[in-house]
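[1] here is the input, now give the coordinates:
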Amino acid sequence: MKLAELQTAFQNCVLHGARDIEAIVQGTEGFNTATRLGVYEYAFGARLVEAVAKTYPTLRATMGERGFAELIHAYCQGKPPSHFSIRYFGDTLSEFIANTLTGTRARVLSELANWEWLLAASFDSMDMAPLTRDSLASLSPEHWPQLRFKLSPSLYRLALHTNAVQWWKAFSNGSPAPTRYRMAREVEWVIWRHELKTYFRSLKPDEACAVDCVMRNETFATLCEVLAATGYPDNAPLRAATLLSQWFNDGWIVGILD
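    Here you go, the predicted model:
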């Protein structure tokens, strides 16, 4: 058997339980072939669970050690690690939970997984120095309608429909967990990193639309049109300027394009 064939057979054993490789793996007096291979199968799965738990600590605490381990083992069967860094394993765990589990509990756990993944992704994002409001001083009024603003690569948007954040906050603060999984009013959120700290806050509907507008690389003129349609028909430019001021303070703006 060639080396590549041996590696493939070993991988199929570890990932999928295939037994073809048993024909060429010798047992010993103390450990038969199945036991020797089983050590690697168990260790591989255990390391994956341990690694993913670093990204999803609240999900693990909420599901319990056994439930979380079973979830990750099932997830791995359908999507084994494919990136050279284990950091990216588990990137679609939220979708897997939504498609595998049922009921309100599944919705909460899926959104909790999405929340924790984006917190980690925001922290790991590329560094880009934020601009200050002084960068606007040299811009002439006629340039403003076509201005486009580049947001920090650490900034993520999501909408949540359950009390997933309450579960996350309870675990993070060491306080009692919610008494039940439940659906809730939709809340728009933004997550971002400034320097070495990750932040998040909820957004009012108009600001959520405004952030999405900028993320689509729309102009300041379009931003004002969006705000005019979401509750500011008479003073959209003022509202846009107010939001931009807040975004500069929060370190969201990293570039200005015209």
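[2] next SSE downstream of the one helix or strand residue 8 maps to?
    Using DSSP states H and E, residue 8 sits within helix 3-16. Using DSSP H and E, the helix or strand that follows helix 3-16 in sequence is helix 33-55.
[3] mind checking how far that next one is from the chain centre?
    24 Å (Cα atoms, centre = their mean, to the nearest Å).
[4] also stretch 79-89?
    15 Å.
[5] helices or strands up against the helix holding residue 8?
    helix 33-55, helix 65-78 (3 or more Cβ pairs under 8 Å, 6 or more residues apart in numbering; DSSP states H and E). Yep, even glycine has a C-beta here, placed from its N, CA and C like the rest.
[6] C-alpha coordinates for the shortest one, PDB please?
    Which is helix 65-78. Provided in PDB are the C-alpha atoms of helix 65-78 (Å, rounded to 0.1, in the frame of the first residue of the first chain):
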ATOM      1  CA  GLU A  65     -20.500  18.400  28.600                       C
ATOM      2  CA  ARG A  66     -22.100  15.300  27.200                       C
ATOM      3  CA  GLY A  67     -24.700  17.000  25.100                       C
ATOM      4  CA  PHE A  68     -22.100  19.400  23.600                       C
ATOM      5  CA  ALA A  69     -19.700  16.500  22.900                       C
ATOM      6  CA  GLU A  70     -22.400  14.500  21.100                       C
ATOM      7  CA  LEU A  71     -23.300  17.600  19.100                       C
ATOM      8  CA  ILE A  72     -19.700  18.200  17.900                       C
ATOM      9  CA  HIS A  73     -19.100  14.500  17.100                       C
ATOM     10  CA  ALA A  74     -22.300  14.500  14.900                       C
ATOM     11  CA  TYR A  75     -21.200  17.800  13.300                       C
ATOM     12  CA  CYS A  76     -17.800  16.400  12.500                       C
ATOM     13  CA  GLN A  77     -19.400  13.400  10.700                       C
ATOM     14  CA  GLY A  78     -20.900  15.700   8.100                       C
END
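[7] contacting residues around that helix?
    Outside of helix 65-78, the residues within contact range by Cβ atoms under 8 Å, 6 or more residues apart in numbering are 15-16, 45, 48-49, 52-53, 56, 59-60, 63, 90, 93, 96-97, 100.
[8] buried subset of these, written for PyMOL?
    One line in PyMOL is enough to select the buried ones among the contacts of helix 65-78; burial here means 16 or more other Cβ atoms under 10 Å:
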select buried, resi 45+48+49+52+53+56+59+60+63+90+93+96+97
